[in-house]
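Chemist: Test case, fold it:
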Amino acid sequence: MLDGFEQAALATFGLSPSQGASLLPLPTIRLLGLDFAAAPLPQIATSLAARSAEAPFAYVTLSGSADLARLAGEPDLRPHYEGALLRLLGSRVVFKLCRMMSLPAPAVIPGCDLAARLMAREIDPQEPVTLVGLTPQALGRLKARTGLRRIDHHNPPKGFENDPAAFEQALRYIEAHPARFTFLALGAPQQCLIAHGLRQRQRATGVGICIGEGLLPLAGQERRAPGAIQQLGLEWAWRLAQDPKGLARRYLVDSPAIVGLLRQEAQDRGLA
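Modeler: Residues are numbered from 1 along each chain as shown. This is a model prediction of the structure:
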């Protein structure tokens with residue numbers, strides 16, 4: 001028999017007890033005021049895939065160092081992360097800093113790895129998938145490389161989050177194209193604004209993955225760093241070398257603030 005907490009967790013995920021109560025609730029680790037999933041990639045992907053396509057819309061966030069630094073300076077964004085079904089840590093740099101400072105460190109789940117796992121093992125090539133973001137050219141390559149055939153695609157204009165009509169159009173497109181998985185490839189915080197808006201309206205179904213630029217390697221638009229560079233926590237440098245103009249501010253201006261935030265957290269916990 002499941003207790004009340006387990007039943008509530010299953011209901012949140014849109015699961016019935018027969019669909020695998022053992023998967024939930026997933027363990028979490030609290031960091032910088034947010035609860036991050038502390039489970040390996042296969043378990044997270046399986047749990048999300050088991051969620052009913054008809055369940056009320058819920059979403060997953062993947063946070064890097066720049067995202068976490070932004071939250072400290074823009075507290076109005078925090079509810080958009082707190083409202084997620086799952087919060088995943090996507091930064092090996094943050095993970096390594098946590099270890100250096102004796103802070104508990106959630107498992108690292110890069111967005112590209114999560115998307116690749118879902119598309120290769122959990123999503124049937126013939127089932128509908130909704131994608132918001134990416135260019136039509138990238139969409140064509142994504143279909144060719146993943147084998148997915150039924151992708152409903154909407155690419156909102158730049159700055160759509162400040163245009164009420166364009167923002168509403170994006171919301172309505174997702175609501176009109178229900179899918180078990182919706183990939184929000186818009187970058188932060190735009191994708192979280194969309195996801196949070198959908199959850200508040202309670203019209204959409206399925207699960208949204210705030211994937212950011214995680215689809216670019218799968219679409220052949222970006223070369224993924226070799227495994228050794230990833231494990232060293234230097235994938236950011238690899239990406240910066242490929243796109244210095246587009247990523248310099250994120251990695252050289254915004255991200256370094258995470259060091260001070262984690263140091264303060266360690267001090268607050270009596271670890272430093």
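
Chemist: now do the same end-to-end measure for stretch 156-170.
Modeler: Start and end residues of stretch 156-170 are separated by 7 Å (C-alpha to C-alpha, to the nearest Å).

Chemist: Return the distance of it from the chain's centre.
Modeler: In terms of C-alpha atoms, centre = their mean, to the nearest Å, the gap separating the centre of stretch 156-170 from the centre of its chain is 20 Å.

Chemist: mean confidence score for that stretch?
Modeler: Regarding stretch 156-170, the rounded mean pLDDT is 96.

Chemist: Same question for that stretch: list its buried residues.
Modeler: Residues of stretch 156-170 classed as buried: P156, F160, E161, F167, A170 (neighbour count, 16 or more other C-beta atoms under 10 Å). C-beta here means a position set from N, CA and C on the backbone, and glycine is covered the same way.

Chemist: How about residues contacting the helix or strand hosting R172?
Modeler: Secondary structure from DSSP states H and E places R172 in helix 164-176. For helix 164-176, the external contacting residues (C-beta atoms under 8 Å, 6 or more residues apart in numbering) are 130, 132, 152, 154, 156-157, 159-161, 182, 193-194, 197-198, 201, 203-204, 208.

Chemist: contacting residues for G111?
Modeler: Counted by C-beta under 8 Å, 6+ apart, G111 has contacts L62, G90, I209, I211, G212, E213, G214, L215.

Chemist: Any figure for the gap between the third one and E74?
Modeler: Separation of I209 from E74 (C-beta to C-beta, to the nearest Å): 22 Å.

Chemist: between these two, who's got more neighbours?
Modeler: For I209 versus E74, neighbours defined as other C-beta atoms under 10 Å are more numerous around I209 (25 against 10).

Chemist: hang on, the more buried one is in a strand, isn't it?
Modeler: Yes - applying DSSP: H, G, I helix; E, B strand; the rest coil, one finds I209 inside a strand.

Chemist: can I get the contacts of G111 in JSON lines with secondary structure, pLDDT and distance to L247?
Modeler: Formatted as JSON lines, the entries for the contacts of G111 read as follows, by DSSP: H, G, I helix; E, B strand; the rest coil; pLDDT from 0 to 100; distance: C-beta to C-beta, whole Å:
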{"residue": "L62", "secondary structure": "strand", "pLDDT": "96", "distance to L247": "17"}
{"residue": "G90", "secondary structure": "coil", "pLDDT": "95", "distance to L247": "15"}
{"residue": "I209", "secondary structure": "strand", "pLDDT": "98", "distance to L247": "21"}
{"residue": "I211", "secondary structure": "coil", "pLDDT": "96", "distance to L247": "17"}
{"residue": "G212", "secondary structure": "coil", "pLDDT": "93", "distance to L247": "12"}
{"residue": "E213", "secondary structure": "coil", "pLDDT": "92", "distance to L247": "9"}
{"residue": "G214", "secondary structure": "coil", "pLDDT": "93", "distance to L247": "14"}
{"residue": "L215", "secondary structure": "coil", "pLDDT": "95", "distance to L247": "16"}
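
Chemist: Any chance of the buried residues of stretch 156-170 in a markdown table with distance to G270 as columns?
Modeler: As requested, the buried residues of stretch 156-170 are arranged in a markdown table below (distance: C-beta to C-beta, whole Å):
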| residue | distance to G270 |
| --- | --- |
| P156 | 46 |
| F160 | 44 |
| E161 | 40 |
| F167 | 44 |
| A170 | 45 |
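
Chemist: just how off-centre is the helix holding R172 within its chain?
Modeler: Counting by C-alpha atoms, centre = their mean, helix 164-176 is centred 20 Å from the centre of its parent chain.
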